[in-house]
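Participant: just the structure for this:
(3 chains)
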Amino acid sequence: MITPELIHALPEIREIKTGIYHVFIQHTSASLTINENADPTVRKDFETYFNKAVPENDRDYLHDDEGPDDMPGHLKASLLGSSVTIPIRNGELALGTWQGIYLCEHRNHGGQRDLIITAWGE
Amino acid sequence: MITPELIHALPEIREIKTGIYHVFIQHTSASLTINENADPTVRKDFETYFNKAVPENDRDYLHDDEGPDDMPGHLKASLLGSSVTIPIRNGELALGTWQGIYLCEHRNHGGQRDLIITAWGE
Amino acid sequence: MITPELIHALPEIREIKTGIYHVFIQHTSASLTINENADPTVRKDFETYFNKAVPENDRDYLHDDEGPDDMPGHLKASLLGSSVTIPIRNGELALGTWQGIYLCEHRNHGGQRDLIITAWGE
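Facilitator: Below is the predicted model:
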């Protein structure tokens, strides 16, 4: 859950009354999504569910050079998406009470992940 | 299928020749997507499919305080997404012939859902 | 993988230092996503995975007028999404090293697909 870091990263949004905040992840085996920010078991259940829904070791995968988490990582990344787009209202992200921004790591050893943040409005 | 309500909600888009229309849902167990707007059985089949693909009562879920539809609702919300972004051309949403905007309710008793609409362009 | 065609389609992005590039597909049985642009087996594995995850010939589907790939096409389209939104930096799409834009065709005989591209920034 990276909402605080993202808000901290671009203090200029405080000057935007009505606008949009866009976060993009420059990777194909990690993703961004918005979900429940209060109970940490939601994030654990996300991992449980996606590991079942996108299994490792499917013998039909052709792309497995980097190991059994390689192709599942790519699939999970596209199911969840590479960007989130959030309205800005009165200098703040207009997230709902329970919403937070998740950075979803789909590799077992993913390394550093680079994000690009863009905001616009007036 | 909420396309008519959304167009009605922001009549200013008529003044935008080229731009973008963004709709955001402030919830973590409901979502927005674009799909077939003509045959209502498509929406029924969406519900059938997602209830199979994201089952209730998985014993591995840790987050179930609000009942068996709690965690599946969060998962479905992230699979479908919390916003849609649509081009505006000549004062209208540039949707394809068969496209409509769905508000997907993933709880059995979801209550009111709040949307935030933002449009920009010139 | 349609990244080169998309960059070619809107040369004006070269004049944008900081901005956003948005691509929208006007169809309900084809989609857009961002994923690995180097190894073509990733695209084959996408097709393998989605054909298993969204099966044809589920007897519970009500909407099947156009054949067994009709409803699965709609479901896959919403799982992957109808648009991608990418930052522009210094006149170029700020994609990661391995990222490319996929046009995902979910029908067996899909015909022509129309995209709408919008870019903004300064």
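
Participant: would you confirm that residue A:76 contacts residue A:32?
Facilitator: No: counting by Cβ atoms under 8 Å, residue A:76 stays clear of residue A:32, with 11.9 Å between them. From N, CA and C alone the C-beta is placed, and that goes for glycine too.

Participant: residues that sit against both of those two, list them.
Facilitator: Shared contacts of residue A:76 and residue A:32 (Cβ atoms under 8 Å, 6 or more residues apart in numbering or on different chains): residue A:104.

Participant: now do the contacts for the closest residue in space to residue A:81 that isn't next to it in sequence.
Facilitator: Computed as Cβ to Cβ, 6 or more residues apart in numbering or on different chains, the closest residue to residue A:81 that is not its neighbour in sequence is residue A:31, at 5.8 Å. Contact analysis of residue A:31 by Cβ under 8 Å, 6+ apart lists A:25, A:76-82, A:103-104, A:106.

Participant: one more pass at 10 Å, please.
Facilitator: A:25, A:50, A:73, A:76-84, A:102-106, A:113, B:78, C:34 (Cβ atoms under 10 Å, 6 or more residues apart in numbering or on different chains).

Participant: return the subset of those residues lying in helices.
Facilitator: In helices, defined here by DSSP state H, the members of the contacts of residue A:31 are A:50, A:73, A:76-80, B:78.

Participant: report the two of these separated the most.
Facilitator: Distance extremes for the ones in helices among the contacts of residue A:31: the farthest pair is A:73 and B:78 at 16.2 Å, using Cβ to Cβ.

Participant: tell me who's in contact with the nearest residue to residue A:51 once chain neighbours are set aside.
Facilitator: Spatial nearest neighbour of residue A:51, excluding adjacent residues (Cβ to Cβ, 6+ apart): residue A:72 at 7.9 Å. With contacts defined as Cβ under 10 Å, 6+ apart, residue A:72 is in contact with A:29, A:50-51, A:53-58, A:61, A:64, A:106-107, C:45, C:49.

Participant: now residue A:75: how far from residue C:35?
Facilitator: Using Cβ to Cβ, to the nearest Å, we find residue A:75 at a distance of 9 Å from residue C:35.

Participant: before we move on, the earlier item: helix, strand, or coil at the residue nearest to residue A:81?
Facilitator: Put simply, residue A:31 is strand when judged by DSSP: H, G, I helix; E, B strand; the rest coil.

Participant: who does it form a beta bridge with?
Facilitator: residue A:104 (DSSP bridges).

Participant: ok, residues contacting the lowest-mean-pLDDT helix or strand in chain A?
Facilitator: Here the helix or strand of chain A ranked lowest by mean pLDDT, DSSP states H and E is helix A:3-9, holding a mean of 89. With contacts defined as Cβ under 10 Å, 6+ apart, helix A:3-9 is touched by A:2, A:13-14, A:21, A:23, A:32, A:34, A:37, A:84, A:86, A:92-93, A:95, A:99-103, A:115, A:117.

Participant: perfect, that will be all.
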